[in-house]
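Peer 1: can't give you the sequence, but here's the structure:
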């Protein structure tokens, strides 16, 4: 590939950070490419968003589609490819995907995170047979069923509330003595007759023949109890998708999130990061902060390109 074919910028990831960055890149007239598996990214798994400016209530999928439409209206088409590797080349970087190779002077990495697993007996065995990490995707299959949700944060609370719309009963299992979600979610959970909360317990096994039939809980005294269940939804946080950055020597924190400066630059010149994968925004991983980080990164990239 010649330098004439090299883009100024490749944005990896089509969630709020990547889509937001593309909008600003178009406005700054940066020659760029947007690569992602699907528009919206993690947004597509969110049942309802009620804290994004301008929308009192909107589904994640609807918001993702609106963002994509905005990007396409500015002339950028999402390249639906899966990035597999980033290499340093003369004048910039090469991105190798499942469909080809692309080069650019700068990279904005906005691939985000993946669901964290429990790593317990039965989890792998029943994946797709009652075990799920996406309430929005799989919730409708559990109509009038008994469901376990694991976790105590905002994502777990949202999943439990959404699943209660379908299920006969939802049991929320949390290892702590009180939930860590927003007070508004906590109040809604406690007011819902379909939802029961099991505090200070861990799920240690998932059992069944061909599909999930029950889970085994353990309290802090190691006493076990069992709960009938047709489905187990695991909502215990996420892990950063940083594998491609490791080989480049990009600096991470102790949890594997990318250390970024105020302008979203990383420890490797020419590589920027935005969204849930970064250490910025005080760790507040929200749609609005991801979009903001994408915009901030693009402004800095624009400035750097102008210096050449």
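Peer 2: Cool, the structure landed. Note that the structure is a prediction, hence the values are computed from the model and not measured.

Peer 1: what about the helices in the chain?
Peer 2: 16-27, 60-73, 135-138, 154-163, 183-191, 243-246, 287-307 (DSSP state H).

Peer 1: Could I get the full set of strands for the stretch 151-300 of the chain?
Peer 2: Taking DSSP state E, counting those that start in this stretch, the strands of the stretch 151-300 of the chain run over residues 169-173, 195-198, 201-207, 214-219, 224-228, 231-234, 238-240, 271-273.

Peer 1: For residue 101, which of those is the nearest?
Peer 2: The closest of the strands of the stretch 151-300 of the chain to residue 101 is strand 271-273. By CB to CB, the value is 17.4 Å. Quick note: C-beta positions are derived from backbone N, CA and C, even for glycine.

Peer 1: thinking again about what came up before, of the helices of the chain, flag the one that's most buried.
Peer 2: The highest mean neighbour count among those, using mean count of other CB atoms under 10 Å, belongs to helix 16-27: a mean of 26.

Peer 1: and that helix, average pLDDT?
Peer 2: Regarding helix 16-27, the rounded mean pLDDT is 97.

Peer 1: tell me the angle of it relative to helix 287-307?
Peer 2: Counting by axes from the mean of the first three to the mean of the last three CA atoms, to 10 degrees, helix 16-27 lies at 40 degrees to helix 287-307.

Peer 1: what's helix 16-27 packed up against?
Peer 2: Secondary-structure packing of helix 16-27 (3 or more CB pairs under 8 Å, 6 or more residues apart in numbering; DSSP states H and E): strand 7-12, strand 32-35, helix 60-73, helix 287-307.

Peer 1: 6 Å instead?
Peer 2: Applying 3 or more CB pairs under 6 Å, 6 or more residues apart in numbering; DSSP states H and E, one finds that helix 16-27 contacts strand 7-12, helix 60-73, helix 287-307.

Peer 1: Would you convert these into a markdown table that also reports distance to residue 31 and mean pLDDT?
Peer 2: Shown next, in a markdown table, are these (distance: least, CB to CB, whole Å; pLDDT from 0 to 100):
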| stretch | distance to residue 31 | mean pLDDT |
| --- | --- | --- |
| strand 7-12 | 4 | 98 |
| helix 60-73 | 15 | 95 |
| helix 287-307 | 9 | 96 |
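
Peer 1: before we move on, the earlier item: which one of the helices of the chain lies nearest to residue 37?
Peer 2: helix 16-27 (10.7 Å).

Peer 1: Contacts for the closest one next, please.
Peer 2: Residues outside helix 16-27 that contact it (CB atoms under 6 Å, 6 or more residues apart in numbering): 11, 32, 34, 36, 67, 70-71, 74, 76, 108, 110, 274-275, 287, 290-291, 293-295, 297-298.

Peer 1: low pLDDT regions in this structure?
Peer 2: Residue ranges of the chain with pLDDT under 70: 1-4, 308.

Peer 1: quick check: longest strand of it.
Peer 2: In the chain, taking DSSP state E as the definition, the longest strand is strand 101-109.

Peer 1: got the angle between it and helix 287-307?
Peer 2: Here the directions of strand 101-109 and helix 287-307 differ by 120 degrees (the same axes, to 10 degrees).

Peer 1: partners of strand 101-109 in the sheet?
Peer 2: strand 7-12 (parallel), strand 92-97 (antiparallel), strand 271-273 (parallel) (DSSP bridges).

Peer 1: mind checking how far that strand is from the chain centre?
Peer 2: Taking CA atoms, centre = their mean, to the nearest Å, one finds strand 101-109 lying 22 Å from the centre of the chain it belongs to.

Peer 1: Buried ones in it, by neighbour count?
Peer 2: By 16 or more other CB atoms under 10 Å, the buried positions in strand 101-109 come out as 102-109.

Peer 1: So what touches that strand?
Peer 2: 1, 6-12, 21, 92-95, 270-273, 297, 301.

Peer 1: now swap in stretch 250-262 and tell me
Peer 2: Taking CB under 6 Å, 6+ apart as the rule, stretch 250-262 contacts 240, 242, 266-268, 273, 277-280.

Peer 1: Endpoints of that stretch, how far apart?
Peer 2: Chord length of stretch 250-262, first to last residue, is 16 Å (CA to CA, to the nearest Å).

Peer 1: same question, stretch 135-155
Peer 2: Stretch 135-155 has an end-to-end distance of 10 Å (criterion: CA to CA).

Peer 1: ok so, going back, save the strands of the stretch 151-300 of the chain as TSV, and put in distance to residue 180 and mean neighbour count too.
Peer 2: Listed next are these as TSV, based on distance: least, CB to CB, whole Å; neighbours: other CB atoms under 10 Å:
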stretch	distance to residue 180	mean neighbour count
strand 169-173	12	24
strand 195-198	12	18
strand 201-207	15	19
strand 214-219	19	18
strand 224-228	21	13
strand 231-234	16	26
strand 238-240	15	17
strand 271-273	26	27
